[in-house]
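Trainee: with the input below, show me the fold.
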Amino acid sequence: MTNREFGTRVGCDPSFASYLRSGKRMPGTDLFIEIILAFELDPIEAMDAYREGTEGFSAYLRRTVFEVEVPEGTDTERGTENAGTDQVG
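Mentor: Prediction:
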C-alpha cells in the first residue's frame, strides 16, 4: 500500500503516512482510532504496538497495513471490488 492510499483511507496527508511508516511520528488519538477502523485491526494488538513507541508502532503498521498484499481487482482507496468502469489507463 502506498502512502497516498493509506492517507486517503484514514484522512491524513501522504507525507504524514510516510512518517508513521518510518517511525518518525505517532498518530494522535483520533487518527489512531481511524487507522484501527479503516483497516479492521485488532484494537488490543494495535494498542500494544502503540505502547512500544514509534519503532514498535511503525513495525506494526508495516506488518499489518503497508506490506499486506491487496487482492487483484480491489480498489484500495475505497476497499471495494473494482468493476473496471472507473479505471484510468
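Trainee: what ranges do the helices span in this protein?
Mentor: In the chain, the segments counted as helices under DSSP state H are 3-10, 14-22, 29-38, 43-51, 54-61.
Trainee: show me what contacts Leu61?
Mentor: 20-21, 35, 49 (CB atoms under 8 Å, 6 or more residues apart in numbering). Where you see a C-beta, it was placed from the backbone N, CA and C, and this is true even at glycine.
Trainee: in JSON lines, list those residues along with neighbour count.
Mentor: What follows is the contacts of Leu61, written out as JSON lines (neighbours: other CB atoms under 10 Å):
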{"residue": "Leu20", "neighbour count": "25"}
{"residue": "Arg21", "neighbour count": "19"}
{"residue": "Ile35", "neighbour count": "24"}
{"residue": "Ala49", "neighbour count": "20"}
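Trainee: just checking, Leu41 touches Ile35?
Mentor: Yes. Using CB atoms under 8 Å, Leu41 is in contact with Ile35, at 6.9 Å.
Trainee: so what's in contact with those two at the same time?
Mentor: Listed contacts common to Leu41 and Ile35 are Val65; contacts here mean CB under 8 Å, 6+ apart.
Trainee: for the nearest residue to Glu45 once chain neighbours are set aside, what are its contacts?
Mentor: The shortest distance from Glu45 to any non-neighbouring residue, by CB to CB, 6 or more residues apart in numbering, is to Tyr60 (7.5 Å). Neighbouring residues of Tyr60 by CB under 8 Å, 6+ apart: 45-46, 49-50, 52.
Trainee: from those residues, which is closest to Ser15?
Mentor: Nearest to Ser15 out of the contacts of Tyr60 is Tyr50 (CB to CB; 20.6 Å).
Trainee: how about that closest one, what does it touch?
Mentor: Contact analysis of Tyr50 by CB under 8 Å, 6+ apart lists 26, 32, 56-57, 60.
Trainee: any idea which helix or strand in this structure has the lowest mean pLDDT?
Mentor: Least confident helix or strand of the chain, by mean pLDDT, DSSP states H and E, is strand 80-81 with a mean of 37.
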